[in-house]
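>>> got a predicted structure plus its sequence, pasted below:
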Amino acid sequence: MAVGQEFTRAQDGTSLAFQVAGAGRPLVLLAGQANNHRWWDGAREDFEGAHRTITTDYRGTGASGKPDQPCSTEDFAEDVIAVLDALGIDSADVYGTSMGGRSAQWLAINHPDRVRRLVLGCTSPGGPHAVERDAAVRRALAQPDRDAAERALLELMYSPEWLASHDGPRTVLGDPDMPVHARHHLAASNGHNAWDRLDEICSPTLVLHGADDRMTPASNAELLAQRIPNAEAHVLPGLRHAYFHENRPVASKLVGDFLAR
């Protein structure tokens, strides 16, 4: 189904690009750090039969504005509110993965009336309670050989079996056109800490995670599920950070069934 692109403005005036496809109950899909809406290519289609899917280009990515200023996961959540306001949507289901899951936490905390159901994928509560990636992962991603760093990122996203049988596209590896001056996403993601307020989330919540995720260790799923009232968690065996691509049939069905309740 065709994806249409529109624009609105954030509270600070930054231009925000967003994309809409499908029909039905609104579903906001939030991508990972330093990625634009194409993170969801090959997955959003699973929801378009029952949902009007809404993606965004984070500030700094895609067709959105690229200001050289610090930002936070709370700021990204407020940008989503600006998009919902532009569309005249009072309440939506929200599915956030990785940094998008961090932003989704703030959406549900600060705007409980705007989030009907919440899905948090491959993400963490942040702060001292979170289980962080190990030093070897950090070194692999920071190595100066960019081809080697990209290969390391791919291996964090997908299992060896999946990589051996799929040549691409690689839409979860970051926005290649994101300018250096706008690369504040890492600081935003690292600065996330919603732990003390997670118990305020009142939206029914599903937590999903790949069991073999080293980018954001799977033990964070249990932390979120314990901290958010009445949340349920599913840890998917054999999957890594991009579980929602590698095993679409299982992951999308879990989300679709949860949202249909």
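Cool, got the structure. Residues are numbered from 1 along each chain as shown.
>>> can you give me the strands in the protein?
Under the criterion DSSP state E, strands of the chain are mapped to 4-9, 15-22, 25-30, 51-56, 92-97, 115-121, 205-210, 232-236.
>>> a markdown table for those, including mean pLDDT and mean neighbour count?
All C-beta atoms are positioned from the backbone trio N, CA, C, and that covers glycine. As requested, these are exported to a markdown table (pLDDT from 0 to 100; neighbours: other C-beta atoms under 10 Å):
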| stretch | mean pLDDT | mean neighbour count |
| --- | --- | --- |
| strand 4-9 | 96 | 14 |
| strand 15-22 | 98 | 20 |
| strand 25-30 | 98 | 24 |
| strand 51-56 | 98 | 24 |
| strand 92-97 | 98 | 28 |
| strand 115-121 | 98 | 25 |
| strand 205-210 | 98 | 26 |
| strand 232-236 | 98 | 18 |
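>>> for the ones you listed, give me TSV that also has distance to residue 169.
TSV is the format used below for the strands of the chain (distance: least, C-beta to C-beta, whole Å):
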stretch	distance to residue 169
strand 4-9	19
strand 15-22	17
strand 25-30	17
strand 51-56	16
strand 92-97	17
strand 115-121	20
strand 205-210	20
strand 232-236	22
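>>> out of the ones you listed, which is closest to residue 136?
Taking C-beta to C-beta, strand 205-210 is the member of these nearest to residue 136, at 18.0 Å.
>>> which residues touch that closest one?
108, 117-122, 216, 218, 220-221, 224-225, 228, 230-236, 238-244, 246, 251, 254-255, 258 (C-beta atoms under 8 Å, 6 or more residues apart in numbering).
>>> please repeat the previous calculation with a cut-off of 7 Å.
Contacts to strand 205-210, defined as C-beta atoms under 7 Å, 6 or more residues apart in numbering, come from residues 118-122, 218, 221, 224-225, 228, 231-236, 239-241, 243, 251, 254-255, 258.
>>> could you do stretch 77-89 as well?
8-11, 16, 18, 26, 28, 54, 56, 59, 92, 103, 106-107, 110-111, 114.
>>> and with 8 Å instead?
With C-beta under 8 Å, 6+ apart as the criterion, stretch 77-89 contacts 6, 8-11, 14, 16, 18, 20, 26, 28, 30, 54, 56, 58-59, 90, 92, 94, 103-104, 106-107, 110-111, 114.
>>> and what of stretch 249-261?
By C-beta under 8 Å, 6+ apart, stretch 249-261 touches 25, 27, 43, 46-47, 50-51, 93, 95, 117, 119, 121, 204, 206, 208, 234, 236, 243-244.
>>> for it, buried residues please.
For stretch 249-261, a neighbour-count test (16 or more other C-beta atoms under 10 Å) marks 251, 252, 254, 255, 258, 259 as buried.
>>> gap between the fifth one and residue 101?
So the one you mean is residue 258. Distance, residue 258 to residue 101, by C-beta to C-beta, to the nearest Å: 15 Å.
>>> check the last one too.
Computed with C-beta to C-beta, the distance linking residue 259 and residue 101 is 16 Å.
>>> now swap in the second one and tell me
Residue 252 sits 16 Å away from residue 101 when distances are taken as C-beta to C-beta.
>>> which among the strands of the chain is found nearest to residue 147?
strand 205-210 (24.5 Å).
>>> for the closest one, list the C-alpha coordinates in CSV.
C-alpha atoms of strand 205-210 as CSV (Å, rounded to 0.1, in the frame of the first residue of the first chain):
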residue,chain,number,x,y,z
THR,A,205,1.5,-3.1,27.6
LEU,A,206,3.3,-5.8,25.6
VAL,A,207,7.1,-6.2,25.9
LEU,A,208,8.9,-8.1,23.1
HIS,A,209,12.6,-8.9,22.8
GLY,A,210,15.0,-11.2,21.0
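>>> partner strands of that strand, parallel or antiparallel?
Strand pairing for strand 205-210, using DSSP bridges, gives strand 115-121 (parallel), strand 232-236 (parallel).
>>> reformat those strands as a markdown table; add distance to residue 185.
A markdown table is the format used below for the strands paired with strand 205-210 (distance: least, C-beta to C-beta, whole Å):
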| stretch | distance to residue 185 |
| --- | --- |
| strand 115-121 | 17 |
| strand 232-236 | 25 |
